[in-house]
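Asks: I need the structure of the sequence given here:
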Amino acid sequence: MLKTLSALIGFIEMTFVLFSERLINSYFYIVRKSIKDSVPKAVMHFLVNYVKDNLQSELVTHLYKSDQAEELLTESDLVAQRRKEAADMLKVSFSTNKLYLSATFQKHFFCPSSVMWSILSNLMMHQ
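Replies: Purely as a prediction, here's the structure:
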């Protein structure tokens, strides 16, 4: 009976050892995977922060050192033309809006007095 009891204890201890070994291997696998995932992220984080902190000052330094600063800061002809076209479109939109509001106002709130109408239209044009 002593032999079977020691065999049973040996079996329980061996099972505990194998179970502990599996747990340790699983833990090391999780830690290794976590480190494999976090190292590239940390490296990229530090690289991006370094570039973010130093790139603007480096670019401004090179810009002011070069003789092309005025040339680089001038507006291109295409951009100037597109800006002018956009301003013209804005003017047309405002005048169309004023005409629409004028027609809507006249349709719904017709006032026979021409003096009143001229006062209102002047007010709308100066807004």
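Asks: Show me where the protein dips below the pLDDT cut-off.
Replies: 1-3, 5, 104-127 (pLDDT under 70).
Asks: Show me where it has its strands.
Replies: In the chain, no segments count as strands under DSSP state E.
Asks: for it, longest helix please?
Replies: The helix that spans the most residues within the chain, counting by DSSP state H, is helix 2-65.
Asks: Would you mind giving the domain segments of the chain?
Replies: Listed by automatic domain parsing, the domain ranges of the chain are 1-74, 88-127.
Asks: Tell me which of the ones you listed lies nearest to residue 82.
Replies: Among the domains of the chain, domain 88-127 comes nearest to residue 82, with 10.4 Å by Cβ to Cβ. Every C-beta, even on glycine, is put in place using the N, C-alpha and C of the backbone.
Asks: returning to what we had before: would TSV of the domains of the chain with mean neighbour count be doable?
Replies: Listed next are these as TSV, based on neighbours: other Cβ atoms under 10 Å:
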stretch	mean neighbour count
domain 1-74	10
domain 88-127	11
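Asks: Rebuild those as TSV, extending it with distance to residue 82.
Replies: Supplementary listing: the domains of the chain in TSV, determined by distance: least, Cβ to Cβ, whole Å:
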stretch	distance to residue 82
domain 1-74	15
domain 88-127	10
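Asks: For residue 81, which of the ones you listed is the nearest?
Replies: domain 88-127 (10.6 Å).
Asks: phi, psi of residue 66?
Replies: phi -80, psi 160 (degrees, to the nearest 10).
Asks: Likewise for the one 10 residues further on?
Replies: The phi and psi values for residue 76, taken as degrees, to the nearest 10, are phi -70, psi 160.
Asks: I'm done for today, thanks for sticking with me.
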